[in-house]
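# Fold the following, please.
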Amino acid sequence: MKPVLKVRRRAGSEDLPLPQYMTEHSAGLDLHAANDEPITIEPGQIKLIPTGLFLEIPPGYEGQVRARSGLALRHGLMLPNAPGTIDADYRGELQVVLANCSREPYTITRGTRFAQLVINKVEHVEVVEVAELSETSREAGGFGHTGH
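Model prediction:
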């Protein structure tokens with residue numbers, strides 16, 4: 001049985017589509033902007049974009065908000081906290097932090113598909129303090145340790 005994502009719209013957002021998969025095998029549900037006035041994001045600027053949606057993510061799952069690849073490639077729009085995490089117990093409006101990494105301003109108009117939402121299973125772990133960790137061939141090798 002599929003998990004159920006419950007969605008409530010903010011008053012005045014009934015004209016916007018609910019999050020939806022755009023193809024049969026899409027991993028993410030497209031999100032639409034619910035701004036009343038156009039939002040222009042200048043180069044280097046970060047703005048909060050409303051979706052007009054409130055979510056009830058099933059316990060044991062999380063939402064991850066990601067950039068749409070076409071907007072990232074063509075217009076330099078990125079999520080500085082990507083992926084943004086939405087916890088199963090959050091009930092506020094879903095808003096997305098969007099940054100313009102290009103050299104040109106970009107305007108988000110109402111209804112623009114500007115981000116995607118991926119729902120993932122989450123496991124909680126037990127945290128145990130230990131005196132030593134198991135050895136690996138990598139050990140403390142960090143960023144770029146493989147030379148690639």
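
# Just the endpoints, please. Distance across stretch 26-35?
With C-alpha to C-alpha, to the nearest Å as the measure, stretch 26-35 spans 25 Å from end to end.

# For Val7, list each beta-bridge partner.
Leu55 (DSSP bridges).

# those helices in the chain, which residues are they?
69-75 (DSSP state H).

# all strands in it, in order from the N-terminus.
Taking DSSP state E, the strands of the chain run over residues 6-9, 29-32, 39-41, 46-56, 61-67, 77-78, 84-86, 93-100, 106-108, 113-121.

# any low-confidence regions in the protein?
Judged by pLDDT under 70, the chain has its weakly predicted residues at 141-148.

# looking at the protein, which residue lies furthest from center?
Most distant residue from the mean C-alpha position of the chain: Ala131, 36.8 Å away (C-alpha atoms, centre = their mean).

# can you give me how far stretch 35-46 is from the chain middle?
Centroid separation for stretch 35-46 versus its chain: 17 Å, with C-alpha atoms, centre = their mean, to the nearest Å.

# Any idea which residue is closest to the centre of the chain?
Centre-nearest of the chain using C-alpha atoms, centre = their mean is Val65, 0.9 Å out.

# That one and Gln116 touch, don't they?
Yes: here Val65 reaches Gln116: they are 7.3 Å apart, a contact under C-beta atoms under 8 Å. From N, CA and C alone the C-beta is placed, and that goes for glycine too.
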